[in-house]
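J.: Structure of the sequence below:
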Amino acid sequence: QVQLVESGGGLVQAGGSLRLSCAASGRTFSSVPMGWFRQRSGKEREFVARINWSGGYTYYADSVKGRFIISRDNAKNTVYLQMNSLKPEDTAVYYCAVHHGSSYVASDFGSWGQGTQVIVSS
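T.: Just a heads-up that it's a prediction; the model follows:
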């Protein structure tokens with residue numbers, strides 16, 4: 001079982017950058033694919049990015065492609081989300097999770113962290 005703790009959220013101006021971290025505990029972290037989701041106020045949780053176990057394959061939602069970068073350091077049991085060129089519509093609570101399934105819907109992910117709030121001001 002993997003337990004996840006996100007950090008790095010905060011308030012940033014539009015056009016700025018933030019790097020989120022997701023620290024994992026558990027011996028299986030380095031062998032599992034990981035993902036980031038976000039949940040805007042009043043909206044459903046939506047997929048942001050996914051990375052395979054080695055970090056060699058990544059996949060992004062169209063809304064963040066070219067602006068966000070997902071990476072991982074298996075030696076540190078940590079997955080990251082570098083967010084650049086932030087927009088007000090990126091404001092949300094960001095969650096990391098383990099990818100258990102084959103699609104990019106929330107039900108195919110698990111072991112959710114508690115989330116970290118990102119606010120992008122215009």
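J.: so what's the spatially most central residue of the chain scoring on pLDDT?
T.: Nearest to the mean C-alpha position of the chain, by C-alpha atoms, centre = their mean, lies Trp36 at 2.5 Å. Here the pLDDT value assigned to Trp36 is 98.
J.: Skipping its backbone neighbours, what lies nearest it in space?
T.: Excluding the flanking residues, the one nearest Trp36 by C-beta to C-beta, 6 or more residues apart in numbering is Val48, at 4.3 Å. Quick note: C-beta positions are derived from backbone N, CA and C, even for glycine.
J.: could you check the distance from that neighbour over to Gln39?
T.: 10 Å (C-beta to C-beta, to the nearest Å).
J.: So those two - more neighbours on which side?
T.: Val48 (24 against 15; other C-beta atoms under 10 Å).
J.: How about the secondary structure of the more buried one?
T.: strand (DSSP: H, G, I helix; E, B strand; the rest coil).
J.: contacting residues around the closest residue to Gln39 other than its chain neighbours?
T.: Leaving aside its sequence neighbours, Gln39 sits nearest to Arg45 (C-beta to C-beta, 6+ apart; 4.4 Å). By C-beta atoms under 8 Å, 6 or more residues apart in numbering, the residues touching Arg45 are 37-39, 95, 106.
J.: so which two of the residues you listed are the farthest from each other?
T.: Greatest spatial distance in the contacts of Arg45: Arg38 and Ala106, 10.8 Å, computed using C-beta to C-beta.
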